[in-house]
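>>> quick one, fold the following:
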Amino acid sequence: MKIIDFQIQAALRKLKAVCRSNAEMGRRLGVSRAQIGKYLSGATGYFDDATWRRISPVLSPYIGEISNCPFRQDNHCRLTGQNPDMIRLIELISAMSELERAELLVSILKQTARQTENQ
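Sure, this is the predicted structure:
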């Protein structure tokens, strides 16, 4: 099993950027369009061994050094011992572009405002 960490998630996003659709990305990786959606959304957190062996040659050119994660130092996560879901969330947010992070923040603030109004 290969965990889809934020480095793999970033590589998937890079590949998605050069593909016209999830269907095209699926053809390149040899998986269904629906499965691509699950990988990109984070609904699937790992690849089984057979899938990883099949897609890693296609994905490997998009896997680069992680330089923007503030919680990585010397290839080790400084959040060791923390909740794995929280680490994954932080890594995914760190892999986002500034625009994506800003859009996420706006979305969270809008949801919070609606919840406050409803109370």
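>>> can you map out the helices along the chain?
Taking DSSP state H, the helices of the chain run over residues 6-18, 22-29, 33-41, 49-59, 84-95, 98-117.
>>> now those in a markdown table, with mean neighbour count?
In short, each C-beta sits where N, CA and C put it, glycine included. Shown next, in a markdown table, are these (neighbours: other CB atoms under 10 Å):
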| stretch | mean neighbour count |
| --- | --- |
| helix 6-18 | 18 |
| helix 22-29 | 17 |
| helix 33-41 | 16 |
| helix 49-59 | 14 |
| helix 84-95 | 16 |
| helix 98-117 | 10 |
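>>> ranking those by mean pLDDT, which is last?
Least confident of those, judged by mean pLDDT, is helix 84-95 with a mean of 73.
>>> name the helices or strands packed onto that helix?
helix 6-18 (3 or more CB pairs under 8 Å, 6 or more residues apart in numbering; DSSP states H and E).
>>> how about the CA coordinates for the helix it packs on, as PDB?
Extracted in PDB, the C-alpha atoms of helix 6-18 (Å, rounded to 0.1, in the frame of the first residue of the first chain):
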ATOM      1  CA  PHE A   6       1.000  15.600   0.300                       C
ATOM      2  CA  GLN A   7       3.900  15.000  -2.100                       C
ATOM      3  CA  ILE A   8       1.900  12.400  -4.100                       C
ATOM      4  CA  GLN A   9      -1.200  14.700  -3.900                       C
ATOM      5  CA  ALA A  10       0.900  17.600  -5.300                       C
ATOM      6  CA  ALA A  11       2.200  15.300  -8.100                       C
ATOM      7  CA  LEU A  12      -1.400  14.300  -8.900                       C
ATOM      8  CA  ARG A  13      -2.400  18.000  -9.100                       C
ATOM      9  CA  LYS A  14       0.600  18.700 -11.400                       C
ATOM     10  CA  LEU A  15      -0.400  15.900 -13.700                       C
ATOM     11  CA  LYS A  16      -4.000  17.100 -13.600                       C
ATOM     12  CA  ALA A  17      -2.900  20.500 -14.800                       C
ATOM     13  CA  VAL A  18      -1.500  19.000 -18.000                       C
END
